[in-house]
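Dropping a prediction and its sequence here:
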Amino acid sequence: MKKIALIEDDSDLYALLKYNLEKEGFTFVGSQTGKDAIELCRRERPDLIILDIMLPDSDGLDICKGIRSHPELADIPIIFLTARASETDRIVGLELGANDYIVKPFFVRELIARIRLQFRKQATPARVLKAGDLELDRSACRARFRGKELSLTATEFRLLEFLMSHPGQVFSREQLLDAVWGHDRAVTYRTVDVFILRLRQKIEPDPANPVFIRSVRGFGYSFNETPEPIPSETTG
């Protein structure tokens with residue numbers, strides 16, 4: 001039985017969603033304030049989080065960033081449920097790591113459908129990850145570009161796999177260190193930059209102008225799964 005955490009300050013909406021989520025067979029946990037939201041999620045380990053942005057005591061965007069930077073919570077799907085409807089708000093929410101963004105008012109049935117969609121995505125992780133001419137086979141621990149096998153170290157492979165598994169999501173150097181190198185590490189943020197550079201030299205047609213692994217100024221790195229078509233090499 002999947003557990004849903006709801007962080008929503010509107011009492012009527014909170015009660016409505018609690019009723020409908022439990023009716024649909026989900027286990028429900030929640031809070032009507034944002035103050036202890038991360039601690040709630042750490043304690044309850046929900047399978048999905050529904051998060052309002054405009055909370056009376058917190059900013060949902062900051063909570064999202066906190067969840068994504070927490071090594072035990074970083075992979076939990078987050079759906080923003082908010083009255084902030086501008087294109088900029090949507091983009092910011094998704095770039096901070098939300099998996100979906102729903103604007104109030106909304107239909108409860110649509111929310112339920114989007115929750116189930118997130119769980120379907122989780123259920124069957126793809127054995128082979130693809131982005132343009134780049135392909136990574138998890139089971140064989142191999143990566144290819146335009147059909148040619150790439151010579152990757154184990155750490156380079158794990159880093160590429162992690163980035164390709166979360167396309168479009170921006171990760172800080174600290175998050176990448178936690179995800180790829182783990183807690184017991186004797187490496188620095190600079191290590192991430194070095195390995196990103198090495199990966200770019202192996203997977204990017206032009207490492208100086210990367211199309212797969214993008215730098216996000218002030219934040220970290222993001223993987224682009226839909227790069228512009230890259231012309232094939234020709235001989236004249």
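Looks like it arrived, so ask away. Numbering: from 1, shown residues only.

CA atoms for contacts and neighbours, from now on please.
OK.

helix, strand or coil for E161?
Per DSSP: H, G, I helix; E, B strand; the rest coil, the secondary structure class of E161 is helix.

residues touching it, list them.
The contact partners of E161, by C-alpha atoms under 8 Å, 6 or more residues apart in numbering, come to L136, R138.

Counting neighbours, what do you get for the closest residue to F212 other than its chain neighbours?
Spatial nearest neighbour of F212, excluding adjacent residues (C-alpha to C-alpha, 6 or more residues apart in numbering): N224 at 4.9 Å. If you count neighbours by other C-alpha atoms under 10 Å, N224 ends up with 20.

wait, N224 sits on V170?
No. Counting by C-alpha atoms under 8 Å, N224 sits too far from V170 to count as a contact (10.2 Å).

Which of the helices or strands spans G93?
Element membership for G93, per DSSP states H and E: helix 87-95.

Packing partners of that helix?
strand 100-103 (3 or more C-alpha pairs under 8 Å, 6 or more residues apart in numbering; DSSP states H and E).

chain center to the strand it packs on, what's the gap?
15 Å (C-alpha atoms, centre = their mean, to the nearest Å).

Now do the helices in this protein.
11-23, 37-44, 60-68, 87-95, 108-123, 154-165, 173-176, 189-203 (DSSP state H).

Identify, out of those, the most deeply packed stretch.
helix 60-68 (a mean of 20; mean count of other C-alpha atoms under 10 Å).

rewinding a little: which one of the helices of the chain lies nearest to V211?
For the helices of the chain, the distance to V211 is smallest for helix 189-203, at 9.2 Å, taking C-alpha to C-alpha.

relative to helix 154-165, how tilted is the closest one?
80 degrees (axes from the mean of the first three to the mean of the last three C-alpha atoms, to 10 degrees).

quick one: low-confidence parts of the protein?
Applying pLDDT under 70 to the chain flags the ranges 122-125, 183-185, 228-236.

quick one, domains of it?
Listed by automatic domain parsing, the domain ranges of the chain are 3-123, 128-223.

quick revisit: please list the residues outside the helix holding G93 that contact it.
Contacts for helix 87-95 (C-alpha under 8 Å, 6+ apart): L61, F80, R84, D100, Y101, G168, Q169, V170.

Just the CA atoms from it would do, formatted as PDB, please.
What follows is helix 87-95, C-alpha atoms only, in PDB (Å, rounded to 0.1, in the frame of the first residue of the first chain):
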ATOM      1  CA  GLU A  87       4.700  29.800 -16.600                       C
ATOM      2  CA  THR A  88       7.700  31.000 -14.600                       C
ATOM      3  CA  ASP A  89       6.300  29.400 -11.400                       C
ATOM      4  CA  ARG A  90       5.900  26.100 -13.200                       C
ATOM      5  CA  ILE A  91       9.400  26.200 -14.600                       C
ATOM      6  CA  VAL A  92      10.900  27.100 -11.300                       C
ATOM      7  CA  GLY A  93       9.000  24.300  -9.500                       C
ATOM      8  CA  LEU A  94      10.000  21.700 -12.000                       C
ATOM      9  CA  GLU A  95      13.600  22.800 -12.200                       C
END
